[in-house]
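Trainee: Need a 3D model of the following:
(chains A and B)
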2 protein chains.
Amino acid sequence: MNSNFIKVLNQQAASYTPIWLMRQAGRYLPEYRKVREKAGSFLNLCKNPQLATEVTLQPIKRFALDASIMFSDILVIPEAMGMHLYFNEGEGPKFSHPIKSTLDIDNLKVIEPEIDLAYVMQTIRNLKQELPRDIPLIGFSGSPWTLACYMIEGGSSKNYEQIKSWVYQHPQQLHILLEKISIAVADYLVAQIKAGVDTIMLFDSWGGVLTETAFQQFSHQYLSKVIERVKMSTPETNTPIIVFTKGGGVWLETLDKLDCNALGIDWTIDIGKARQQTNKILQGNLDPVILSVAKPKEIYSITKSIIESYKIANDGDLNGHIFNLGHGILPSANPDNVACLIDTVHELSKR
Amino acid sequence: MNSNFIKVLNQQAASYTPIWLMRQAGRYLPEYRKVREKAGSFLNLCKNPQLATEVTLQPIKRFALDASIMFSDILVIPEAMGMHLYFNEGEGPKFSHPIKSTLDIDNLKVIEPEIDLAYVMQTIRNLKQELPRDIPLIGFSGSPWTLACYMIEGGSSKNYEQIKSWVYQHPQQLHILLEKISIAVADYLVAQIKAGVDTIMLFDSWGGVLTETAFQQFSHQYLSKVIERVKMSTPETNTPIIVFTKGGGVWLETLDKLDCNALGIDWTIDIGKARQQTNKILQGNLDPVILSVAKPKEIYSITKSIIESYKIANDGDLNGHIFNLGHGILPSANPDNVACLIDTVHELSKR
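Mentor: As a prediction, the model looks like this:
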């Protein structure tokens, strides 16, 4: 595949800095909102391969993006493990019966991704048919820690008191849960690779709420286990792996030890400083709010400053950087700004 | 004053590591909840010097804390500048008319702290009478950036889209607002020093939502201006200054440039690593949730690991560290755990 995105992940020279956006198939696009409405609910949309394929392709049709990410949600794994998931309009996802005991952990099903998450595999197969040949497809999963947060808190949380009471009071039981989730995550990612994704990404959205020690024990360790199991099960593919820990800028040295190809960084750390702390490919790191509140002129200058900061820290070389946001694009983002951002990245990074 | 807290702030050797807790006078204490109920509302409590004095003293009477912090709220400044503030039960503070235009900025009053915030000064004078002689009193203010966030967003925010639209679209007008707030903050802190506080602290609770460049321009710059104006107005007192930026662990080198004595750090960065990045006194950094969810045994071992991490990074010397939480204590904290934490810090850090 002649893709700058894949080239960068494989440490090869690219002809420009590739760009894609976390949550690029999403509510900021009117064509997405139309399909979302037709699907009836967010979960219906995830579970309908035809519609999930359609919304995945929407940003690819509209913009000159360098990669596609399958439309899905990180919580499909716990749902497949037997937890009842629901989405109320205007609220985040919720589990009706959060995990409260070791019995709840025992009751979690061991998933068979090809069966239990067949709809995701079908979406991937559709996409491999329909995507332009030079646009790679990214598969993904939540990290074990992030999924455990949702499964124990029952939804998003302010202080993570439920899961942290496991961290500090019942660490052994939490490790059993994380072990179980890690196997599910790894097997799910392996199935995605077998179905055809070109890259996988682990979203450690809530790793950043931990102390460094707890992060190493309860998130990093399981990211590592997932990666090991994926690599062991797919030795022939050598599929590149990206890990994104929101708030992980303070732990880049720890994250650098993971056996992955690239690290995503949020917008709070200067990418030049990040470059000095890890040898991994870096993915990031525009503040997503900028696409909602700024005008093309400002987008140009902020994008330029990120590219230049990277270049200076990387001895004048633009390779090794995948442009992205520092977190998912917001529903309030202006599609014209997205187009401007993509053009700007391509224009300013042409080798 | 024979105080280990003041000694550490002045870079002198202390006989043990001093400890106090952000929001130590608060809802986790039954005696606080009683007074809070009597006051009728949170704002009434802030504005009643007798009751504010009483709740400030409660944790000092109950625990072997090494410093006291006056009970108040960071939003009393915007309120004194003319913005209507209200607190609904169970919700955070809100402004009924958030700042939307330059006219709104023009309409903000220049405060005279001795008059407009007389109730705070009275609380300080009461406390200086009633506090034990060896317990220093900390005065405080929100940082200009953090106050501007509340004033423009109207309350707490998820993505800070309102204020970030000023950052990226109307930076000059935002600078005018931040300039105006900085003067109010500095004058307020000067009045607190004149009324008798022994130390001042700046809470930059929302600095961490910015990119590093924006942090330097919109928060750090004004922290610096506030400190300069405070120092110029009180050259004789040499009052120590503590600055706390939540999420500032990635910017310690930038924060190190501030002309303050100490930097507060949240729980996400290892204190030993922080020690290597700045020469300032460090204040922190236990995850506050631990006091809500752990038992004394775990509190002991986590506290020990923080003290030891600091000691190793500081060449075996415990001086230069003020123990605290990485953020305010939660309403769910167990007072017995607080007592255990304080004893543990004192016991493990005795020189």
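
Trainee: quick one, strands of chain A?
Mentor: A:68-69, A:85-87, A:93-95, A:137-142, A:199-204, A:241-245, A:262-264, A:281-286, A:321-325 (DSSP state E).

Trainee: what about the ones you listed, which gets the closest to chain B?
Mentor: The closest of the strands of chain A to chain B is strand A:281-286. By Cβ to the nearest Cβ, the value is 8.2 Å. (Each C-beta comes from the backbone N, C-alpha and C, glycine too.)

Trainee: Pairing partners for the closest one, with directions?
Mentor: Its sheet considered, strand A:281-286 pairs with strand A:262-264 (parallel), strand A:321-325 (parallel) by DSSP bridges.

Trainee: rewinding a little: any chance of a markdown table for the strands of chain A, columns mean neighbour count?
Mentor: What follows is these, written out as a markdown table (neighbours: other Cβ atoms under 10 Å in any protein chain shown):
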| stretch | mean neighbour count |
| --- | --- |
| strand A:68-69 | 24 |
| strand A:85-87 | 16 |
| strand A:93-95 | 18 |
| strand A:137-142 | 23 |
| strand A:199-204 | 24 |
| strand A:241-245 | 25 |
| strand A:262-264 | 25 |
| strand A:281-286 | 25 |
| strand A:321-325 | 27 |
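
Trainee: Those: lowest mean pLDDT?
Mentor: For the strands of chain A, mean pLDDT drops lowest on strand A:85-87, to a mean of 87.

Trainee: That one pairs with which strands?
Mentor: Using DSSP bridges, the strands paired with strand A:85-87 are strand A:93-95 (antiparallel).

Trainee: Would you check that residue A:185 makes contact with residue A:76?
Mentor: No. With contact defined as Cβ atoms under 8 Å, residue A:185 does not reach residue A:76; the gap is 11.2 Å.

Trainee: In terms of neighbours, single out the busier of those two.
Mentor: residue A:185 (28 against 22; other Cβ atoms under 10 Å in any protein chain shown).

Trainee: Which pLDDT value belongs to that one?
Mentor: 98.

Trainee: List the contacts of residue A:226.
Mentor: A:141, A:143-144, A:182, A:185-186, A:189, A:202 (Cβ atoms under 8 Å, 6 or more residues apart in numbering or on different chains).

Trainee: Could you take the residues you listed and lay them out as JSON lines, with extra columns for distance to residue A:82?
Mentor: What follows is the contacts of residue A:226, written out as JSON lines (distance: Cβ to Cβ, whole Å):
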{"residue": "A:141", "distance to residue A:82": "17"}
{"residue": "A:143", "distance to residue A:82": "20"}
{"residue": "A:144", "distance to residue A:82": "17"}
{"residue": "A:182", "distance to residue A:82": "17"}
{"residue": "A:185", "distance to residue A:82": "16"}
{"residue": "A:186", "distance to residue A:82": "18"}
{"residue": "A:189", "distance to residue A:82": "20"}
{"residue": "A:202", "distance to residue A:82": "22"}
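
Trainee: got the residues of the stretch 201-350 of chain A near chain B?
Mentor: For the stretch 201-350 of chain A, the contact set with chain B under Cβ under 8 Å from any Cβ of the partner chain comprises A:208-214, A:247, A:249-250, A:267-270, A:273, A:287-290, A:292-295, A:298, A:302, A:305, A:330, A:332.

Trainee: 7 Å instead?
Mentor: A:208, A:211-213, A:247, A:249-250, A:267-270, A:287, A:289-290, A:292-295, A:298, A:305, A:330, A:332 (Cβ under 7 Å from any Cβ of the partner chain).

Trainee: thinking again about what came up before, the strands of chain A: which one's closest to residue A:350?
Mentor: Between residue A:350 and the strands of chain A, the tightest spacing by Cβ to Cβ is seen for strand A:321-325, at 13.0 Å.

Trainee: neighbouring contacts of that closest one?
Mentor: A:5, A:8, A:17-22, A:262, A:264, A:281-284, A:286, A:288, A:310, A:345 (Cβ atoms under 7 Å, 6 or more residues apart in numbering or on different chains).

Trainee: what's the distance between that strand and the middle of its chain?
Mentor: The chain centre lies 13 Å from the centre of strand A:321-325; the measure is Cα atoms, centre = their mean, to the nearest Å.

Trainee: coming back round to it: if we compare the strands of chain A, which one ends up closest to residue B:230?
Mentor: Here strand A:281-286 is closest among those (Cβ to Cβ), at 34.4 Å.

Trainee: Could you tell me how far the closest one lies from the centre of the chain?
Mentor: 12 Å.

Trainee: Likewise for stretch A:239-248?
Mentor: 7 Å.

Trainee: Pull up the distance across that stretch, start to finish.
Mentor: 23 Å (Cα to Cα, to the nearest Å).

Trainee: Also stretch A:114-122?
Mentor: 9 Å.

Trainee: Same check on stretch A:53-73?
Mentor: Using Cα to Cα, first and last residues of stretch A:53-73 are 14 Å apart.

Trainee: Not counting that stretch itself, show me its contacts.
Mentor: Under Cβ under 7 Å, 6+ apart, the answer for stretch A:53-73 is A:3-5, A:18-20, A:24-25, A:29, A:31-32, A:35, A:45-46, A:52, A:120, A:123-124, A:126-127, A:130-131, A:135-140, A:197, A:338-339, A:342, A:346.

Trainee: got it, and stretch A:197-211?
Mentor: Contacts of stretch A:197-211 with the rest of the structure, by Cβ under 7 Å, 6+ apart, involve A:1, A:6, A:9, A:70, A:74, A:124, A:136-143, A:145-146, A:149, A:160, A:189, A:192-193, A:215, A:218-219, A:223, A:226, A:239-248, B:267-268, B:287.

Trainee: Just those residues: which are in helices?
Mentor: A:6, A:9, A:124, A:145-146, A:149, A:189, A:192-193, A:215, A:223, A:226 (DSSP state H).

Trainee: Now those in JSON lines, please, with extra columns for pLDDT.
Mentor: Shown next, in JSON lines, are the ones in helices among the contacts of stretch A:197-211 (pLDDT from 0 to 100):
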{"residue": "A:6", "pLDDT": "98"}
{"residue": "A:9", "pLDDT": "98"}
{"residue": "A:124", "pLDDT": "98"}
{"residue": "A:145", "pLDDT": "98"}
{"residue": "A:146", "pLDDT": "98"}
{"residue": "A:149", "pLDDT": "98"}
{"residue": "A:189", "pLDDT": "98"}
{"residue": "A:192", "pLDDT": "98"}
{"residue": "A:193", "pLDDT": "98"}
{"residue": "A:215", "pLDDT": "98"}
{"residue": "A:223", "pLDDT": "98"}
{"residue": "A:226", "pLDDT": "98"}
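
Trainee: Fine, thanks again, bye for now.
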